[in-house]
Every structure is written in structure tokens, then in C-alpha cells.
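Asker: A predicted structure for the sequence below; I have some questions about it.
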Amino acid sequence: MNQKIFFIIGIPTVLMAIISIGMPFYCRSILNQAGQKLLPLVRKKQIVSHWVTPILSYLLVILPFFINMGRFGMIIPYCGVVGLYIVLKESSFAPNSGVYEKLLINSSTILKYESIKEFPEEPQANVLIITNKKNQKIQLVFDNPNEALEVLNVLKKQMKV
């Protein structure tokens, strides 16, 4: 029983505390590296999901003690940890979305200019597909095509292309 409590409640709770306390510091360090904001991006407020999801994440930690889930009972709390990380990252970086001197923040996607290998000549509707130096395609979705075009122009200017 003690091992069950340790692996199902102890470790996920500690991980959630580390994520909850560390995310503001991580966000601040990224913003300090970013430089001055050149172009702010429009973001819709998602108040409900930013309050409901963390509460549900913490409930997933204690759920296996009330409902017998068999082998999945050990996995469910860790899904809560991942969910909490995703929501906290999104809610920390979404208000700061924009094009900065050294990087681009689009919701929870952080893209440093030095890691960009190539980007398109023109956006496809409201989407930019950028290839990084690891040959991974990163898809950035914007509110409208004009915003995507403005971001592309600022990126070209910043990268001197």
C-alpha cells in the first residue's frame, strides 16, 4: 500500500508542484531572452479551460483511490501531470504571444530565430509552416491571413532575408 501511495500520489503531486512553481520562472527566463516585442499577436482568452483543466488534473491524481482501474490506475495520475504542464505552458505564454527581437512566441510554441532553417515565401491562408535545423516542420496558426503575413515580413526583416 505504501508503494502504491508513493507512485500514484507522491510522485505526481511532487511533479505537479514543480511544474506549478517552475513555469512562471521558465516563462520569465524565456521572455528575458526574447528582447523587445516587435509585433504583438492576437490571442483569444480561454478563461474556462485555464481554470478547469488544472483542477481536473489534480483530481486525476486521487481518482485511482476511489475507482478501481486495474493496471491503468497507475497511468492516470501521470496523464494529469502532462495535462497540467500543457495548460500552464499555454496560459503562461499565450498572453505574451508575439514576434520578439530574438524569438517568436505563438501560444505555447517558442521558436528561436537561430533554429530556423527555412520558411515559406507566402503564408498558406493563416498558417506558416517553418522548418527548423532538425528538419522538423513547425506549423504556426494565426488568427487571420494578414497576421500571418505580418509575422512573415517581420521574420524576414529580423533574419535579414
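Answerer: Looks like it came in fine.

Asker: contacting residues around the most centrally placed residue in the chain?
Answerer: Central residue of the chain (Cα atoms, centre = their mean): residue 108, 2.9 Å from the mean position. Residue 108 is in contact with 86, 89, 90, 93, 94, counting by Cβ atoms under 8 Å, 6 or more residues apart in numbering. All C-beta spots, glycine's among them, are computed from the backbone N, C-alpha and C.

Asker: if we go to 10 Å?
Answerer: Residue 108 makes contact with 85, 86, 87, 88, 89, 90, 91, 92, 93, 94, 97 under the criterion Cβ atoms under 10 Å, 6 or more residues apart in numbering.

Asker: With residue 144 instead?
Answerer: Contacts for residue 144 (Cβ under 10 Å, 6+ apart) come out as 42, 125, 126, 150.

Asker: Same question for residue 8.
Answerer: By Cβ under 10 Å, 6+ apart, residue 8 lies in contact with 61, 62, 63, 64, 65, 73, 74, 75, 76, 77, 78.

Asker: and what of residue 73?
Answerer: 4, 8, 63, 64, 65, 67.

Asker: In a strand, it, correct?
Answerer: No - judged by DSSP: H, G, I helix; E, B strand; the rest coil, residue 73 forms no part of a strand; its state is helix.

Asker: can you give me the strands in the protein?
Answerer: 37-40, 98-100, 103-106, 109-112, 116-118, 127-132, 137-141 (DSSP state E).

Asker: Ranking by neighbours, what's the top pick from the contacts of residue 73?
Answerer: Comparing these by number of neighbours (other Cβ atoms under 10 Å), residue 8 comes first, having 21 neighbours.

Asker: and stretch 65-77, how far from the chain's centre?
Answerer: Remark: stretch 65-77 is offset 27 Å from the chain centroid, using Cα atoms, centre = their mean, to the nearest Å.

Asker: which other residues reach the least confident helix or strand in the chain by mean pLDDT?
Answerer: When each helix and strand of the chain is scored by mean pLDDT, DSSP states H and E, helix 2-5 comes last, with a mean of 74. Residues outside helix 2-5 that contact it (Cβ under 10 Å, 6+ apart): 10, 64, 65, 73, 74.
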